[in-house]
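K.L.:
need coordinates for the below:
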Amino acid sequence: MRATCCTTLAATLFWLLPLNITWAQEHGGHHAQEGKKPAEQKAPDQAKELPVCPVMGEAVDFHVKTMTDDGPVYFCCDMCIPKFKKDPAKYAEKLATQRAALAKLDRVQVSCPVDAKSVDGKLTAEIGGHKIAFCSKDCQAKYAEHPGAFKAKLADSYTYQTRCPISGEQIQPNVFTNISTGQRIYFCCASCGDKLLKDPAKYAPKLAEQGVKIDPKKVTAADPKPKSDDHGGHKHP
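P.N.:
Next up is the predicted model:
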């Protein structure tokens, strides 16, 4: 009972922290970054402080997760999920540590907390003191009417992969590709996505630094092309 109370208190404190919503900004100096090798590009600060799995204590893979009433819990591998679900109270303290670490990371809201569709940051609303993005005005109205009902979905509407693995620039929330492994990778522009599909091994380390682990052998040029961000003036030669 005590462990369950600790879990609830820790989760409440975590999600009441000011939402660190980072919207895509105007891109500058992209061509200079693109000319560098991945190892030479500036790594995100968060790469050095990835949260750890509450079961194994190893760095998480943000694509390996399970949902709770308070939001997602991240793990290092799929095998840890059933162990956590079997006895979540056992891992309450470790979960609190993970969420404290998550609160220190940059993140970008990429989906609507109501229907999980992609957002672009153009339709936002201040609700409960937080700036939240929606995919439509209908979803905005539904959320405003019962915000508590979407608590977990809001927590799951962010990505911690905030930097394009190609350029190192901030991602656009609606520019992504869903690769054959089921993972969604975000980019600053669609042309960068094409580069990842052509040479995934080259850019995999930059994703790993951000807690996104891909198997280059399972990523092919036949995977879906990145969706266009519809932002003019941001193309590569």
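K.L.:
pLDDT of the strand ranked longest in the chain, averaged?
P.N.:
Ranked by residue count and defined by DSSP state E, the top strand of the chain is strand 61-68. For strand 61-68, mean pLDDT rounds to 98.
K.L.:
so what touches that strand?
P.N.:
Strand 61-68 has contacts (Cβ atoms under 8 Å, 6 or more residues apart in numbering) with 11, 72-78, 80-81, 84-85, 88, 152, 156, 159-161, 182-184, 210-213. In this view, the C-beta of every residue, glycine as well, is placed from N, C-alpha and C.
K.L.:
now that strand: buried residues?
P.N.:
Residues Asp61, Phe62, His63, Val64, Thr68 are the ones in strand 61-68 that count as buried (16 or more other Cβ atoms under 10 Å).
K.L.:
possible to save these as JSON lines with distance to Ala92?
P.N.:
Shown next, in JSON lines, are those (distance: Cβ to Cβ, whole Å):
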{"residue": "Asp61", "distance to Ala92": "21"}
{"residue": "Phe62", "distance to Ala92": "21"}
{"residue": "His63", "distance to Ala92": "24"}
{"residue": "Val64", "distance to Ala92": "19"}
{"residue": "Thr68", "distance to Ala92": "11"}
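K.L.:
look up how far Glu49 lies from Ala101.
P.N.:
7 Å (Cβ to Cβ, to the nearest Å).
K.L.:
same check on Gly128?
P.N.:
Gly128 is 28 Å from Glu49, by Cβ to Cβ.
K.L.:
list the beta-bridge partners for Asp61.
P.N.:
Phe75 (DSSP bridges).
K.L.:
please apply the same query to the one 5 residues further on.
P.N.:
Legend: beta-bridge partners of Thr66 under DSSP bridges are Val73.
K.L.:
need the contact list for the residue most central in space within the chain.
P.N.:
Centroid-nearest residue in the chain, with Cα atoms, centre = their mean: Thr159, separated by 1.3 Å. Listed by Cβ under 8 Å, 6+ apart, the contact partners of Thr159 are Phe62, Arg107, Val108, Val110, Ile171, Pro173, Arg184, Tyr186.
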